[in-house]
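**Q** Take a look and give me a structure for this.
(one chain, ligands or ions: 1)
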Amino acid sequence: MKAWEENIRRVVPYVPGEQPKKEKIIKLNTNENPYPPAPGVEEVIKQMDYAKFRLYPDPTVGDLVKAIADRYQLEEDQVFVGVGSDDVLAMAFLTFFNSKKPILFPDITYSFYDVWAQVFRIPYQVQPLDQKFQIQAEDYKKENGGVIFPNPNAPTGIAMDLDFIEKILEQNQDVVVIVDEAYIDFGGISALPLLKKYENLLVVQTFSKSRSLAGIRIGYAMGNRTLIQAMQDVKYSFNSYTMNQPSIQIGVAALEDVSYFDRTKEKIIATRERIKPALKELGFSFLDSKTNFIFASHNSYAASDIFEYLKANDIYVRYFSGNPRIQNYLRISIGTDLEMDRFIAVLKEYLK
Ligand code: PMP
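**A** Next comes the predicted model:
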C-alpha cells in the first residue's frame with residue numbers, strides 16, 4: 001500500500017435500491033410514490049425562468065422553510081431543509097452525535113444509520129428488535145450518545161404510538177433523539193406534538209414518499225431553534241447552497257395542494273390494505289405495515305427465489321441479503337392498483 005493510501009477514509013457505503021434503465025417495468029423496490037407530484041408542480045416547472053439560473057439560490061431556502069413552518073404550525077427557525085432526508089439525517093448525525101458514548105438504533109432499521117456512524121467515526125450500538133420485530137423501549141434506557149429510529153420503522157413497516165416515543169424521550173433527556181418519519185403520512189402518528197415538551201427531539205420528514213418527489217430531493221428537520229441553528233451552522237460550514245432554485249419552488253408548490261396530497265396518500269393506503277388479504281391467501285406472512293410498503297415472507301418459498309422470478313417478469317421488489325434475520329423477507333412498495341394486480345397475478349403463477 002502506498003503511504004498516501006493509508007490516509008484514505010475507508011467506508012463501506014450504503015447501497016441504494018436498483019434504478020433500472022428498462023422501460024415498462026413495475027418498480028416496487030425503492031418505496032417511490034406511484035402517482036405523479038401535485039399538478040401545481042408541473043405549473044411551476046412550465047413557468048420557470050431559466051435565465052435566473054445564473055444566480056445562486058436562496059441559501060436560507062426561505063420560501064420552502066416558511067411553507068413547511070406554516071404547514072406544521074411551527075416558527076421558521078424551527079425548520080431545517082436539505083437535499084432529501086438523507087442529507088438532513090447526515091447533517092444531524094454530524095451535528096448532534098459527538099459523544100464518546102455510543103449512539104443507539106435498532107438492529108433492523110434504515111441501513112444508512114450505521115454507514116453515517118462509520119463515515120463520521122461515531123460509536124454506535126445496535127439494539128435487537130424482539131421476535132415480533134418490535135423495538136423495545138427498555139433497550140434505550142442506558143448510557144448513550146444519542147438515539148435514532150424511524151417511525152414507522154423500516155423495512156419492517158411497524159409504527160410506534162406516541163406513548164412509546166415519549167417513553168424513549170423521557171429516558172433520554174440528555175441526548176438528542178431523532179425520529180425519522182420518512183413514512184409517517186401513510187398511517188403513523190407523528191411525534192411533532194412532543195416538540196413543545198422535549199427540546200432534545202428532532203423530527204425528520206421527506207418529500208420523497210408521500211409527496212411524490214423522490215427525484216427532486218427535499219427533506220426537512222423540525223425541532224427547537226437551538227437544534228435547528230446548530231444544524232444551520234454545520235450546513236454553512238459545508239455548503240451554503242444545498243437546495244437549488246427549482247427544488248425550492250417545486251417544494252412550495254407540492255405543499256400547497258393539500259387535497260391532492262390527501263387523495264394520493266389515501267389511495268396508497270387503500271391499495272395496501274387491499275393487497276394484504278391477497279398476499280395472505282398466497283401464503284405470505286407479514287407485519288402490520290403503516291407505510292407505503294409491505295415487508296413479507298413466504299411460508300414455503302425462499303424470498304431470494306421469489307425476488308428473482310419477479311425480476312425476470314419485470315417486477316422489481318427489494319431483497320436484503322445481508323442480515324440473516326430478514327433474509328427470507330421481501331420489501332414490496334405499494335404501486336398503483338393496476339401494478340399490484342399484475343404483481344399478485346405473477347406471484348400466483350409462480351406459487352401455483
Ligand atoms: N429514512 C428512511 C427510513 C428511508 O427509508 C429513506 C428512504 N431511503 C430515507 C430516510 C431517505 O429518503 P430521502 O433521502 O429520499 O428523503
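
**Q** how about the residues of this protein near the ligand?
**A** Residues of the chain lying near the ligand by CB under 6 Å from any ligand atom: 84-86, 110, 150, 154, 180, 182, 206, 208, 214, 219. Every C-beta, even on glycine, is put in place using the N, C-alpha and C of the backbone.

**Q** Make a markdown table from these and add secondary structure, pLDDT and neighbour count to it.
**A** Shown next, in a markdown table, are these (DSSP: H, G, I helix; E, B strand; the rest coil; pLDDT from 0 to 100; neighbours: other CB atoms under 10 Å):
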| residue | secondary structure | pLDDT | neighbour count |
| --- | --- | --- | --- |
| 84 | helix | 98 | 21 |
| 85 | helix | 98 | 26 |
| 86 | helix | 98 | 20 |
| 110 | coil | 96 | 22 |
| 150 | strand | 98 | 30 |
| 154 | coil | 97 | 23 |
| 180 | strand | 98 | 29 |
| 182 | coil | 98 | 25 |
| 206 | strand | 98 | 25 |
| 208 | coil | 98 | 22 |
| 214 | coil | 98 | 17 |
| 219 | strand | 98 | 22 |
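
**Q** Can you lay out these as TSV showing distance to residue 301?
**A** Shown next, in TSV, are these (distance: CB to CB, whole Å):
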residue	distance to residue 301
84	34
85	34
86	33
110	27
150	28
154	24
180	32
182	29
206	33
208	31
214	30
219	36
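
**Q** Look up how far residue 271 lies from the residue nearest the centre of the chain.
**A** The centroid of the chain falls nearest to residue 182 when counting by CA atoms, centre = their mean (3.5 Å). Distance check for residue 182 against residue 271: by CB to CB, to the nearest Å, it reads 19 Å.

**Q** What of residue 40?
**A** Distance from residue 40 to residue 271, counting by CB to CB: 24 Å.

**Q** Looking at the two now, which is surrounded by more residues?
**A** residue 271 (20 against 17; other CB atoms under 10 Å).

**Q** What residues does that one make contact with?
**A** Under the criterion of CB atoms under 8 Å, 6 or more residues apart in numbering, the contact list for residue 271 reads 334-337, 340.

**Q** what's the closest of these to the ligand?
**A** Closest approach to the ligand among those (CB to the nearest ligand atom): residue 334, at 13.9 Å.

**Q** Pretty sure that closest one sits against residue 274.
**A** No. With contact defined as CB atoms under 8 Å, residue 334 does not count as touching residue 274 (9.6 Å).

**Q** Compare these two and say which is more crowded by neighbours.
**A** Shown here are residue 334 and residue 274; by other CB under 10 Å, residue 334 has more neighbours (27 against 14).

**Q** Now the buried members of the contacts of residue 271.
**A** Buried residues within these, defined by neighbour count using 16 or more other CB atoms under 10 Å: 334-335, 340.

**Q** about what we covered before: need the residues touching each of residue 334 and residue 274.
**A** With CB under 8 Å, 6+ apart as the test, residue 334 and residue 274 both reach residue 340.

**Q** which stretches of the chain form strands?
**A** With DSSP state E as the criterion, the chain has strands at 26-28, 79-82, 103-106, 124-127, 146-150, 177-180, 201-206, 219-222, 284-286, 293-298, 315-319, 330-333.

**Q** Same list (these) but as TSV, adding distance to residue 239.
**A** Formatted as TSV, those follow (distance: least, CB to CB, whole Å):
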stretch	distance to residue 239
strand 26-28	31
strand 79-82	10
strand 103-106	24
strand 124-127	25
strand 146-150	23
strand 177-180	21
strand 201-206	19
strand 219-222	15
strand 284-286	40
strand 293-298	31
strand 315-319	30
strand 330-333	31
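
**Q** need the longest helix for this protein.
**A** For the chain, the longest helix by residue count, based on DSSP state H, is helix 258-281.

**Q** Mind exporting the C-alpha coordinates of that helix to PDB?
**A** Provided in PDB are the C-alpha atoms of helix 258-281 (Å, rounded to 0.1, in the frame of the first residue of the first chain):
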ATOM      1  CA  VAL A 258     -53.400  19.600   0.500                       C
ATOM      2  CA  SER A 259     -56.300  17.800  -1.200                       C
ATOM      3  CA  TYR A 260     -54.000  16.200  -3.800                       C
ATOM      4  CA  PHE A 261     -51.700  15.100  -1.000                       C
ATOM      5  CA  ASP A 262     -54.600  13.600   1.000                       C
ATOM      6  CA  ARG A 263     -56.100  11.900  -2.100                       C
ATOM      7  CA  THR A 264     -52.900  10.100  -3.300                       C
ATOM      8  CA  LYS A 265     -52.000   9.100   0.300                       C
ATOM      9  CA  GLU A 266     -55.400   7.600   0.900                       C
ATOM     10  CA  LYS A 267     -55.200   5.800  -2.400                       C
ATOM     11  CA  ILE A 268     -51.900   4.200  -1.400                       C
ATOM     12  CA  ILE A 269     -53.300   3.200   2.000                       C
ATOM     13  CA  ALA A 270     -56.400   1.700   0.400                       C
ATOM     14  CA  THR A 271     -54.200  -0.300  -2.100                       C
ATOM     15  CA  ARG A 272     -52.000  -1.500   0.700                       C
ATOM     16  CA  GLU A 273     -55.000  -2.800   2.700                       C
ATOM     17  CA  ARG A 274     -56.500  -4.400  -0.400                       C
ATOM     18  CA  ILE A 275     -53.200  -6.300  -1.100                       C
ATOM     19  CA  LYS A 276     -52.800  -7.700   2.400                       C
ATOM     20  CA  PRO A 277     -55.500 -10.400   2.200                       C
ATOM     21  CA  ALA A 278     -54.400 -11.300  -1.300                       C
ATOM     22  CA  LEU A 279     -50.800 -11.800   0.000                       C
ATOM     23  CA  LYS A 280     -52.100 -13.800   2.900                       C
ATOM     24  CA  GLU A 281     -54.100 -16.100   0.600                       C
END
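
**Q** Kind regards, and thank you for your time.
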